[in-house]
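Visitor: Take this sequence and fold it.
(2 chains)
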Amino acid sequence: TQLLEQSPQFLSIQEGENLTVYCNSSSVFSSLQWYRQEPGEGPVLLVTVVTGGEVKKLKRLTFQFGDARKDSSLHITAAQPGDTGLYLCAGAGVRNSGGSNYKLTFGKGTLLTVNP
Amino acid sequence: DAGVIQSPRHEVTEMGQEVTLRCKPISGHNSLFWYRQTMMRGLELLIYFNNNVPIDDSGMPEDRFSAKMPNASFSTLKIQPSEPRDSAVYFCASRHSTGTNEKLFFGSGTQLSVL
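Guide: Below you'll find the model as predicted:
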């Protein structure tokens, strides 16, 4: 079982602050995705990272895939109340080891609250 | 595009009753997934269909759970008989699988409460 651990579990900050959330595993993934989920809705994909060391930016959000493809981080600059939600990371199967790329393993998420 | 459509949005039932959850995937998508989300266990994959065929049902908790996909535009997840521990949010998701790293689209979920 490829376990993904996310930290912190809960995070409450003020508008304008910066924050980083983490997604860690002892397993290597072929790719890793980040989703945001708002109350009463399903997760929505933010980004997919594939290459070890890859950095992707989406406006104020910066995503990094670890060099060994075992971990990832999400950094938000100048957080806004609209960033509030549950941030989930999900890893796809290990390349060339029989792991199935269709099967995403999800972390339990970081629940972010940005207070105005 | 209407997105993945799930019904009902909320379901409250009594222990022992049969529950049927429904999903309409995005038109043109050939892969469909059923997930269950709880605070304790997060998002868990229950079953995966590709081209209407069940490929992996290893996540289905037990025989009380069954899923069907009679055609490309409809799937059901049935629990019979339901138990209080089945209470969770059930999500259906779909994607067009052409290789790897495709985007997964989730429905809004069905909040199931078994009393």
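Visitor: Burial check on residue 87, number of neighbours?
Guide: As the question left the chain open, I've gone with chain A. Neighbour count of A:Tyr87, defined by other CB atoms under 10 Å in any protein chain shown: 23. Any C-beta I mention is one placed from the backbone N, CA and C, and that applies to glycine too.
Visitor: ah, I was thinking of chain B
Guide: Neighbour tally, B:Ser87, other CB under 10 Å: 16.
Visitor: same check, this time on B:Pro8
Guide: Other residues close to B:Pro8 by other CB under 10 Å number 13.
Visitor: ok, what's across the strand from A:Cys23?
Guide: Listed beta-bridge partners, A:Cys23: A:Gln6, A:Ser72 (assigned using DSSP bridges).
Visitor: Flag the helix or strand of chain A with the lowest per-element mean pLDDT.
Guide: Here the helix or strand of chain A ranked lowest by mean pLDDT, DSSP states H and E is strand A:105-106, holding a mean of 90.
Visitor: So what are the sheet partners of it and their directions?
Guide: strand A:85-92 (antiparallel).
Visitor: what does chain B have sitting close to chain A?
Guide: B:4, B:31, B:41-45, B:48, B:50, B:55-56, B:91, B:93, B:97, B:100-101, B:103-109 (CB under 8 Å from any CB of the partner chain).
Visitor: at 7 Å what do you get?
Guide: B:31, B:42-43, B:45, B:48, B:56, B:91, B:97, B:100-101, B:103-104, B:106-109 (CB under 7 Å from any CB of the partner chain).
Visitor: Can you say which of the residues you listed are buried?
Guide: Buried subset of these (neighbour count, 16 or more other CB atoms under 10 Å in any protein chain shown): B:31, B:42-43, B:45, B:48, B:56, B:91, B:104, B:106-109.
Visitor: and of the residues you listed, the nearest to A:Ser25?
Guide: B:Gly42 (13.7 Å; CB to CB).
Visitor: What separation is there between the closest one and A:Phe10?
Guide: Per CB to CB, to the nearest Å, B:Gly42 is found 14 Å from A:Phe10.
Visitor: same thing with A:Leu4?
Guide: Distance from A:Leu4 to A:Phe10, by CB to CB: 17 Å.
Visitor: and the closest residue to chain B within chain A, backbone torsions?
Guide: Scanning chain A for the residue nearest chain B gives A:Gly42, at 2.9 Å (criterion: CB to the nearest CB). A:Gly42 adopts backbone torsions of phi -80, psi 160, taken as degrees, to the nearest 10.
Visitor: Report the two of the buried ones among the residues of chain B next to chain A separated the most.
Guide: Counting by CB to CB, the most remote pair of those is B:Asp56 and B:Ser108, 23.8 Å apart.
Visitor: For B:Phe49, grab the count of nearby residues.
Guide: Quick note: B:Phe49 (other CB under 10 Å) scores 22 neighbours.
Visitor: Please tell me how far the residue of chain B found nearest chain A sits from A:Pro81.
Guide: Here chain B gets closest to chain A at one residue, B:Phe106, 2.9 Å apart by CB to the nearest CB. Counting by CB to CB, the gap from B:Phe106 to A:Pro81 is 23 Å.
Visitor: which residues of chain A score low on pLDDT?
Guide: Chain A contains residues with pLDDT under 70 at A:1-2, A:94-102.
Visitor: Sounds good, over and out.
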